[in-house]
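Engineer: pasting the sequence and the predicted model now:
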Amino acid sequence: MKNAYLYFIDRFLPRRISYRLALSYLLILCLFVIVVVRSVTQVQDISRRSQEFARNDLQKLLQVQNLALDIEGSTSALVLIFNATQDKRKPAYDAVDAKKKHIDQLIQKLGAESDDEVQTLCLQRLDVTHQEFRQSYLNLFDEIELDNPDGAKRVFETQVAPARQAFLTESGILLDLAKKRIQQRQDEEQSDLARLKLQVIAVSIFAVLCGIGLAFITQSSVVQPLTMLEKSALQIAAGNYTSKVPPTRTTEVAQVGRALNTMADAIALREAEIEQLAYYDPLSNLPNRILLLKTFEQQSLHEHAMLLMDIARLKIVNETLGFGTGDTLIVEVSQRLKLATEALAQNHHAFLAKFSGGQFALLCAAPDGGLIKDVVADLLNNINHQLSTPVQCGNHSVDANLVFGIALANNETRDLTGLIRNAEVALYAAKENTLMSAWYSDAQEASRLGHLSLLSDLRSAVQNNELQMWLQPKIHLSDLSCYGFEALVRWQHPQRGFISPAEFVPFAERTGYINRVTDWMLKQAVQTLASWRDSYPQLSIAVNVSTNDLRDQHFPERVRQLIDQYQVNPANLQLELTESGIMENPGNAIPLLQALRSIGIGLSIDDFGTGHSSLAYLQKLPVSELKIDRSFVINIDQHPSTQKLVKTIVEMGHGLNLHVIAEGIETLAEREALVALGCDSMQGYFASKPLHGDALQNWLNTLPKA
Ligand code: C2E
Ligand code: MG
Ligand code: MG
């Protein structure tokens with residue numbers, strides 16, 4: 001039924017709603033015109049027939065009635081003649097004659113106008129009876145004129161009375177016929193009117209039915225599709241872009257449907273783009289931190305581990321080989337990480353994400369029954385295997401090294417943010433200790449907390465002389481002569497024993513307490529230089545200065561006062577600054593460095609290559625030395641790509657008239673590689689570990705005195 005209806009709509013109705021509506025209104029208009037035209041013609045017909053009726057039938061009735069009256073009149077005239085005297089009979093005969101003529105004329109006229117056979121026959125009989133009646137009263141007149149009253153009476157009774165009666169009967173029949181005819185006409189009019197009424201009602205009902213039908217068709221071809229469009233629009237609003245508006249049978253709705261579908265596709269595309277931008281790293285196409293956190297928001301982290309990985313020396317690759325090379329390195333490392341984690345990711349046991357810079361995060365889970373530590377060990381193997389071949393970036397071959405910070409989820413790990421933070425702590429520890437990887441341990445956390453109490457101890461450490469200055473020699477690579485030392489702080493804690501500066505210096509820096517350490521070390525260094533003034537005037541001492549010191553505007557003044565107080569050559573004092581310390585607020589730091597430089601003190605950029613300074617920026621810094629970080633030096637003899645980097649740094653340093661020193665040299669091979677690369681001097685365990693007390697004195701004894 002429904003199909004037949006749809007077939008009808010499809011087959012016979014135009015597809016445009018406007019045409020359908022026009023057609024509907026046209027049809028209703030036609031029906032209305034039909035009703036009006038039909039009513040008008042019927043009314044005209046009825047009025048025409050009424051006129052005809054008035055003109056013909058009523059007139060005829062009147063004439064017939066006249067005829068009857070005339071017959072009555074002529075009978076009365078006969079009675080008059082019957083009783084009149086002779087002189088009065090003459091006008092009576094004339095009256096009877098006149099009546100007779102009149103009756104004849106009427107019969108004739110009625111006969112001529114009659115269109116009814118029965119009426120014609122009746123008129124003929126009337127004419128016959130009239131003639132018989134006339135003959136009878138002529139006979140009567142003869143008897144009267146013969147003055148024979150008995151004969152007249154007999155003729156009257158035997159001839160005139162029956163003839164008159166017959167004539168009257170016929171005229172009565174004619175009158176009845178005329179009345180009947182009028183009655184019949186009236187009945188006909190009534191039935192015509194009733195028929196017209198029926199027709200008008202029928203056409204009106206038909207028009208109403210058509211209206212209902214059209215309303216239904218309009219509803220199904222306009223309202224239904226519009227409802228469908230509304231539903232689709234709501235679906236789009238709800239973010240369901242896959243449900244499409246189905247094709248409809250009406251042009252306009254189909255057009256709007258197509259427009260909605262196009263809009264939904266466009267929104268879906270744009271949303272996908274926005275999602276891509278919001279949740280994916282544009283360079284590597286890997287999920288970002290937000291997506292990682294969102295994905296594991298509600299999930300249990302039981303038997304999960306977080307591996308946080310940093311591309312080592314990315315900054316210096318960017319600076320020396322260009323950002324394009326750095327980007328290629330990131331993309332290539334992300335590809336290799338994908339390959340290394342592919343198998344686990346397929347089973348939803350690994351989720352690789354890219355954080356900012358050259359940092360990646362890998363959340364992994366142990367398969368059922370497996371141990372997470374085994375999973376991590378396998379992953380580390382796979383990743384290191386994938387990274388074993390250098391990355392080809394254009395003309396350069398770059399070693400893709402990763403530093404790992406690993407944290408395992410335990411009962412206290414509340415959420416993924418906590419797990420990531422633990423991995424960050426581990427990564428930080430790995431970098432601090434120049435290790436390839438470090439696992440987060442509760443001991444680390446405990447030690448972090450322990451540092452707080454350590455800080456209060458540090459206050460007394462300065463006063464109680466618990467600090468020591470150790471000196472590590474710096475050697476010219478050209479003749480292997482020692483020309484100075486780096487001063488390194490040591491803390492001999494009364495309860496905890498020896499505490500590494502790597503452990504307390506970063507925390508002392510964060511709390512600002514490092515200034516006291518710097519002041520203490522500076523004083524020690526200047527005092528030592530003063531003590532060497534005569535014996536070793538060629539030796540210099542470099543003191544490490546923290547970011548906090550560079551914030552203090554009075555720092556250069558304090559240094560100058562010390563130098564003045566102990567009368568030392570400012571050229572023998574050097575300060576080691578980190579890139580981050582300068583870059584934190586170059587606007588403040590540079591004038592401060594200039595003030596220090598104007599005193600005549602040497603300035604060195606420590607740990608060069610690990611920070612974020614721009615090489616171009618170095619030109620603006622009033623520094624005299626560049627200290628290449630230990631991470632470049634480790635096994636440099638085995639890494640041609642690192643050699644290239646270091647060579648570029650050395651050449652660039654020389655280009656800026658800087659003395660270039662490499663720190664952390666542990667082997668002969670490393671030292672020889674640095675000699676080959678044109679490095680000026682070195683510092684490291686291969687020459688000597690930091691020295692103190694007798695060991696220092698023994699070392700000094702080997703040096704030529706002034
Ligand atoms: P740094 O300034 O880069 O110092 C070099 C560090 O590398 C020293 O560690 C030194 O002992 C170590 N080192 C030198 N040669 C070798 C080597 O051949 N192999 C290895 N594995 N290590 C080598 P230390 O003394 O533990 O100092 C660590 C860091 O603590 C320093 O790094 C410096 O940033 C900071 N620090 C040390 N003393 C002071 C200080 O008096 N003031 C400030 N502000 N920071 C200090
Ligand atoms: Mg240093
Ligand atoms: Mg250093």
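Structural biologist: Arrived safely. Numbers count the residues shown, from 1 in each chain. Ligands and ions are numbered 1, 2, ... in the order given.
Engineer: from here on, just use CA atoms for contacts and neighbour counts.
Structural biologist: OK.
Engineer: what number of residues lie near residue 96?
Structural biologist: Counted with other CA atoms under 10 Å, the neighbours of residue 96 add up to 23.
Engineer: isn't it right up against residue 74?
Structural biologist: Yes. Using CA atoms under 8 Å, residue 96 is in contact with residue 74, at 5.6 Å.
Engineer: so how far is ligand 3 from the single nearest residue of the stretch 201-350 of the chain relative to ligand 1?
Structural biologist: The stretch 201-350 of the chain approaches ligand 1 most closely through residue 313 (15.6 Å), counting by CA to the nearest ligand atom. For residue 313, the distance to ligand 3 equals 15 Å [CA to the ion, to the nearest Å].
Engineer: what's the answer for residue 269, then?
Structural biologist: Distance of residue 269 to ligand 3, computed by CA to the ion: 50 Å.
Engineer: repeat that for residue 232.
Structural biologist: From residue 232 to ligand 3 the distance is 65 Å (CA to the ion).
Engineer: next: residue 256.
Structural biologist: 69 Å.
Engineer: what helix or strand is that residue on?
Structural biologist: In this assignment (DSSP states H and E), residue 256 forms part of helix 251-279.
Engineer: buried set for stretch 407-424?
Structural biologist: Neighbour counts using 16 or more other CA atoms under 10 Å place 407, 408, 409, 413, 415, 416, 419, 420, 422, 423, 424 of stretch 407-424 among the buried residues.
Engineer: how many neighbours does residue 596 have?
Structural biologist: Using other CA under 10 Å, residue 596 is surrounded by 22 other residues.
Engineer: show me what contacts the closest residue to it other than its chain neighbours?
Structural biologist: Closest residue to residue 596 apart from its sequence neighbours, by CA to CA, 6 or more residues apart in numbering: residue 556 at 5.3 Å. When contacts are counted by CA atoms under 8 Å, 6 or more residues apart in numbering, residue 556 is found next to 592, 595, 596.
Engineer: dihedrals phi and psi, residue 556?
Structural biologist: Dihedral pair for residue 556: phi -60, psi -40, per degrees, to the nearest 10.
Engineer: assign a three-state SS to the nearest residue to residue 359 once chain neighbours are set aside, would you?
Structural biologist: Closest residue in space to residue 359, ignoring its immediate chain neighbours: residue 310 at 4.4 Å, by CA to CA, 6+ apart. Three-state assignment for residue 310 (DSSP: H, G, I helix; E, B strand; the rest coil): strand.
Engineer: swap in residue 121?
Structural biologist: What three-state DSSP gives for residue 121 is helix.
Engineer: for the closest residue to ligand 3 within the stretch 101-250 of the chain, give its distance to residue 272.
Structural biologist: Minimum separation of the stretch 101-250 of the chain from ligand 3 (CA to the ion) falls at residue 239, amounting to 54.8 Å. Taking CA to CA, to the nearest Å as the measure, residue 239 falls 12 Å from residue 272.
Engineer: what do you get for residue 289?
Structural biologist: As judged by CA to CA, residue 289 and residue 272 stand 18 Å apart.
Engineer: of the two, who's got more company?
Structural biologist: Remark: of residue 289 and residue 272, residue 289 carries more neighbours, 22 against 12, as counted by other CA under 10 Å.
Engineer: and that one, its phi and psi?
Structural biologist: Per-residue torsions, residue 289: phi -60, psi -40 (degrees, to the nearest 10).
Engineer: let me know the secondary structure of the residue of the stretch 101-250 of the chain closest to ligand 3.
Structural biologist: Going by three-state DSSP: residue 239 is coil.
Engineer: and what of the one 3 residues further on?
Structural biologist: Per three-state DSSP, the local secondary structure of residue 242 is coil.
Engineer: give me the pLDDT for it.
Structural biologist: For residue 242, the pLDDT comes out at 78.
Engineer: tell me the residues of the stretch 501-650 of the chain that contact ligand 1?
Structural biologist: 501, 502, 505, 518, 521, 544, 545, 546, 607 (CA under 6 Å from any ligand atom).
Engineer: return the distance of the last one relative to residue 684.
Structural biologist: It refers to residue 607. When residue 607 is compared with residue 684 (using CA to CA), they lie 13 Å apart.
Engineer: what do the two both touch?
Structural biologist: By CA under 8 Å, 6+ apart, no residue touches both residue 607 and residue 684.
Engineer: secondary structure element for residue 80?
Structural biologist: Assigned by DSSP H and E, residue 80 falls within helix 58-83.
Engineer: and that helix, what's buried?
Structural biologist: 58, 60-61, 63-68, 70-71, 73-75, 77-78, 81-82.
Engineer: ok, stretch 154-170 next?
Structural biologist: Across stretch 154-170, burial judged by 16+ other CA under 10 Å covers 155, 156, 159, 160, 161, 162, 163, 164, 166, 167, 168, 170.
Engineer: ok, so of the residues you listed, who is nearest residue 511?
Structural biologist: Distance to residue 511 across the buried residues of stretch 154-170 (CA to CA) is lowest for residue 170, with 147.6 Å.
Engineer: and the closest one, what pLDDT?
Structural biologist: Residue 170 is assigned a predicted lDDT (pLDDT) of 86.
Engineer: name the residues of the protein found near ligand 3, please.
Structural biologist: Counting by CA under 5 Å from the ion, the positions of the chain adjacent to ligand 3 are 606, 607.
Engineer: can I get the strand ranked longest in the chain in CSV, CA atoms only?
Structural biologist: Secondary structure of the chain per DSSP state E: the longest strand is strand 482-493. This file holds the C-alpha atoms of strand 482-493, laid out as CSV (Å, rounded to 0.1, in the frame of the first residue of the first chain):
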residue,chain,number,x,y,z
CYS,A,482,98.2,22.4,34.0
TYR,A,483,97.1,26.0,33.9
GLY,A,484,94.4,26.1,36.5
PHE,A,485,91.6,24.3,38.4
GLU,A,486,87.9,24.1,38.6
ALA,A,487,86.6,24.6,42.2
LEU,A,488,84.0,22.0,43.2
VAL,A,489,82.2,22.1,46.4
ARG,A,490,82.0,19.1,48.7
TRP,A,491,79.9,18.7,51.8
GLN,A,492,81.0,16.4,54.6
HIS,A,493,77.8,16.1,56.6
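Engineer: and the contacts of it?
Structural biologist: Where contact means CA under 8 Å, 6+ apart, the residues beyond strand 482-493 that reach it are 461, 466-476, 498-501, 521, 525, 538-544, 690, 703.
Engineer: quick one, which of the residues you listed are buried?
Structural biologist: 461, 466-476, 521, 525, 538-544, 690.
Engineer: what helix or strand is the residue in the stretch 51-200 of the chain that ligand 1 sits nearest to on?
Structural biologist: As assessed by CA to the nearest ligand atom, ligand 1 sits closest to residue 200 within the stretch 51-200 of the chain, at 109.3 Å. If you go by DSSP H and E, residue 200 is part of helix 161-218.
Engineer: pretty sure residue 172 is touching residue 67, no?
Structural biologist: No. Residue 172 is beyond contact range of residue 67, at 9.8 Å (criterion: CA under 8 Å).
Engineer: report all helices and strands that the host helix or strand of residue 598 contacts.
Structural biologist: Using DSSP H and E, residue 598 sits in helix 586-599. Helix 586-599 sits against helix 547-551, helix 555-566, helix 579-584, with contacts defined as 3 or more CA pairs under 8 Å, 6 or more residues apart in numbering; DSSP states H and E.
Engineer: could I get the buried residue list for that helix?
Structural biologist: Burial within helix 586-599, assessed by neighbour count using 16+ other CA under 10 Å, is assigned to 586, 589, 590, 592, 593, 594, 595, 596, 597, 599.
Engineer: follow-up on the earlier one: for the residue nearest to residue 359, name its beta-bridge partners.
Structural biologist: Per DSSP bridges, the residues bridged to residue 310 are residue 359, residue 403.
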